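S.K.: have a look; sequence and predicted model below, questions after that.
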Amino acid sequence: MDREKKIAHSGRVDISDSGEEEGEPCGAKRLPLQKKEVKRVCLIGASRHDARLVALLKDHFCVDVIESETGTEYKDDPNMVFLCADFIYDQHFKDLRSRGSLVIGPALVTLCASKSEPLFFPRANCPLYTDSMAGITVALSGISRARCRETASLVRFMGGSVHRRFSPRVTHLITDSVLCSQYHKAVAAQRYVVHLRWVHAAWALRDDINISITAPHFVRGFLVEPFCGLSIWFVGYSAEELIGLRLRTVEHMGKLAAHVRDATHVVVSNNADISLGDFSRRQKIVHDEWFWACIRLSSCADEDNYKWVERERAKKDHDPRPAGSFLRLHSVDQQAVASSFPGRWDCDSIAGDYQISMTVSCKMSKADDIGKEMVETEEHYLRALKIVVKCFMEPLEERFKQRGSNLLSKAEMRCIFSRVPLLIDAHQVICNDLRMATDNPTAVRHISEVWLRNAENLLPLYSAYIGNCDRALEILRESDANPEFHAFLKSAENRAECQRHMLKDLLVRPVQRLPSVILLLKEMQHKVQRSDRSRRYVTRAINALQDILRTANEARGQVETYAEAFKVYTQIEDYPVSSPFIMFK
């Protein structure tokens, strides 16, 4: 809360404070054009001298082309569409926009012609230069008021939507700092979090119809770095360790605090013995696991999952659970309600009207909403797992059967894919149970019981999967150097049913799923009244899933230990060893 106040005092706001309207639809598949074909076009200013544009309008679209310096004489014609080449500085464009005239840009004409699509009317009061951002919904956070307005206009000029607040429908969060209030919601929902310059780069390419500014490979160049906007101070490290930590901090756009009092985050070594009283309450005091988790997944992990706990207090409380875990990644603040999946998939809005008993409080209503969101994220998770099987595992197995695999060995395929079908089976049961639980008058209790019933089955599955996840990703990286495998991978990732998701990203989904569920359960717990009996079931479900994460951490640590030992043994001549990368049962 303190850091959000700090942002607010610095003149940076969310789009919700910028005066932008929320009334426009913000669905992931927003149609920016009306289904009414253009019949008359008035060329304004410099656009009159573009011979290629005039030829397209007359010969390809067969529209009546009229030329005018200002377009004022046609302002009352409801069927007239005005074409302007300059949406930024042209005063004639500004006058047309202020009158609510229908305005399009030359890039839209070129793009529709290249696709052999009709030229439709733009939306009322929404000039459309191009539709390169069609289907994109953005939210802005931590951006100054003036820049919010400017950016919102550019997004709409390119066919995108702007939402006042982050929601499951938002596809991209725009910010220049991980300290913004909406950041963890977006990360937990697996949305793109990009710098403001992404919009400006897209606008600079507005006339190039051959470049997709929403393609993953383009967007990744503008992702917000994990330490962007943070000032970090390290405690309990040797001089040699500090060199590497500081280099990593700067590499990922963090700042090195000149003094501990200037730091937003204090990273503490596991061997350090400190008192929390030495630091400000506004500072985030975290384990070093937080630092490496941020780098591992290229986003700022939720600090609440990596809080430093004083040793004496930990002993007194007899808390066996670790303060942080590499598994609790891409999380959302406990005050946030976020969808948990995936970056570019279109999410339906959560049902808004619920049949609630008159005896249930407002808090309970919000808890039920979270339950419905949990069902939605579970469905998305299942979809991701099924994509892995359909687009990658099954084609590789088929190639192996036909002529033997020159892409992956049988052992490598088993390491990467063997647990995915089992996860699908387990989560299909959970998903079905969750759907029924949400229809129950005591939904909170029944949702919690679903996870409690299935925790025993999930434990060996996630221990096995997470224990081998690092090795699976390593195999994937090594195999990508094989041109034939690289070609297969790109071909599969570009299939329509894969929705341009990368295999390495899909393989990380199981690592992120249970932490996301825990966060939703914690939010549900927060919404349930303390006197409600359902609350204890939520607590039990949270503890059960946290136990799975702790066990999975231990499994991963065991694999890492074996891997280090293997490296040493291989340096000893004629020393017989077996592969340390154990496939857990």
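M.R.: Ah, there it is.

S.K.: which residues in the stretch 101-250 of the chain form helices?
M.R.: Ranges of helices in the stretch 101-250 of the chain, per DSSP state H, counting those that start in this stretch, are 106-114, 145-157, 183-188, 197-204, 216-219, 239-251.

S.K.: please work out which of those helices is packed deepest.
M.R.: helix 183-188 (a mean of 27; mean count of other Cβ atoms under 10 Å). Quick note: C-beta positions are derived from backbone N, CA and C, even for glycine.

S.K.: chain center to that one: distance?
M.R.: Relative to its chain's centre, helix 183-188 lies at 7 Å (Cα atoms, centre = their mean, to the nearest Å).

S.K.: also stretch 241-252?
M.R.: 25 Å.

S.K.: could you list the residues in contact with it?
M.R.: Stretch 241-252 is contacted from outside by 225-228, 232, 234, 237, 255-256, 267, 269, 291, 294-295, using Cβ atoms under 8 Å, 6 or more residues apart in numbering.

S.K.: touching, Gly159 and Pro127? I think so.
M.R.: No: Gly159 is beyond contact range of Pro127, at 10.6 Å (criterion: Cβ atoms under 8 Å).

S.K.: which one of the two has more residues nearby?
M.R.: A count of neighbours by other Cβ atoms under 10 Å puts Gly159 above the other of Gly159 and Pro127, at 24 against 20.

S.K.: quick check: closest non-adjacent residue to that one.
M.R.: Leaving aside its sequence neighbours, Gly159 sits nearest to Asp131 (Cβ to Cβ, 6 or more residues apart in numbering; 3.5 Å).

S.K.: wait, that neighbour sits on Thr110?
M.R.: No: using Cβ under 8 Å as the test, Asp131 is too far from Thr110 to be in contact (11.3 Å).

S.K.: strands along the stretch 451-585 of the chain, start to end?
M.R.: Assigned strands in the stretch 451-585 of the chain: none (criterion: DSSP state E, counting those that start in this stretch).

S.K.: what residue ranges in it score low on pLDDT?
M.R.: Within the stretch 451-585 of the chain, the ranges that satisfy pLDDT under 70 run 494, 500, 555-585.

S.K.: ok, now which ones touch Ala472?
M.R.: Cys415, Ile416, Leu507.

S.K.: what separation is there between it and Phe227?
M.R.: 27 Å (Cβ to Cβ, to the nearest Å).

S.K.: now do the strands in the stretch 201-350 of the chain.
M.R.: Per DSSP E, counting those that start in this stretch, the stretch 201-350 of the chain carries strands over the ranges 231-235, 255-256, 265-268, 284-287.

S.K.: what's the burial count for the residue nearest to Lys504 when sequence neighbours are not counted?
M.R.: Using Cβ to Cβ, 6+ apart and skipping the chain neighbours, the partner closest in space to Lys504 is Leu476 (5.6 Å). Using other Cβ under 10 Å, Leu476 is surrounded by 19 other residues.

S.K.: hmm, Leu506 and Leu476 touching each other?
M.R.: No: counting by Cβ under 8 Å, Leu476 does not reach Leu506; the two are 10.7 Å apart.

S.K.: re earlier: could you write me a ChimeraX select line covering just the buried ones among the contacts of stretch 241-252?
M.R.: In ChimeraX syntax, the buried subset of these is picked out as below (16 or more other Cβ atoms under 10 Å):
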select :225,226,227,228,232,234,237,255,256,267,269,291,294,295
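
S.K.: so can I have TSV of the strands of the stretch 201-350 of the chain showing mean pLDDT and distance to Leu43?
M.R.: Output for the strands of the stretch 201-350 of the chain, formatted as TSV (pLDDT from 0 to 100; distance: least, Cβ to Cβ, whole Å):
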stretch	mean pLDDT	distance to Leu43
strand 231-235	94	53
strand 255-256	95	50
strand 265-268	94	55
strand 284-287	90	56
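
S.K.: and those strands: which comes nearest Ser153?
M.R.: Ser153 sits nearest to strand 255-256 of all those, at 31.3 Å, using Cβ to Cβ.

S.K.: related to what we said a few turns ago, OK, contacts around the residue nearest to Lys504?
M.R.: Per Cβ under 8 Å, 6+ apart, neighbours of Leu476: Ile416, Leu503, Lys504, Leu507.

S.K.: how many other residues sit next to the nearest residue to Ala492 once chain neighbours are set aside?
M.R.: Leaving aside its chain neighbours, Ala492 sits nearest to Cys391 (4.9 Å; criterion: Cβ to Cβ, 6+ apart). By the criterion of other Cβ under 10 Å, Cys391 has 22 neighbours.

S.K.: just Lys115 next, same as before
M.R.: Neighbour number of Lys115 under other Cβ under 10 Å is 9.

S.K.: torsion angles phi and psi at it?
M.R.: The phi/psi pair for Lys115 (degrees, to the nearest 10) reads phi -90, psi 0.

S.K.: grab the CA positions of stretch 417-429 and hand them over as CSV.
M.R.: This file holds the C-alpha atoms of stretch 417-429, laid out as CSV (Å, rounded to 0.1, in the frame of the first residue of the first chain):
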residue,chain,number,x,y,z
PHE,A,417,5.9,-35.2,-21.5
SER,A,418,5.4,-38.3,-19.3
ARG,A,419,3.4,-36.6,-16.5
VAL,A,420,1.3,-34.3,-18.6
PRO,A,421,-1.5,-36.9,-19.5
LEU,A,422,-1.6,-37.8,-15.8
LEU,A,423,-2.0,-34.2,-14.8
ILE,A,424,-4.8,-33.8,-17.4
ASP,A,425,-6.7,-36.8,-15.9
ALA,A,426,-6.3,-35.4,-12.4
HIS,A,427,-7.3,-31.9,-13.2
GLN,A,428,-10.2,-33.0,-15.4
VAL,A,429,-11.7,-34.6,-12.2
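
S.K.: tabulate the helices of the stretch 101-250 of the chain (a markdown table), appending distance to Ala496 and mean pLDDT.
M.R.: What follows is those, written out as a markdown table (distance: least, Cβ to Cβ, whole Å; pLDDT from 0 to 100):
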| stretch | distance to Ala496 | mean pLDDT |
| --- | --- | --- |
| helix 106-114 | 20 | 94 |
| helix 145-157 | 26 | 93 |
| helix 183-188 | 26 | 92 |
| helix 197-204 | 23 | 96 |
| helix 216-219 | 15 | 92 |
| helix 239-251 | 36 | 90 |
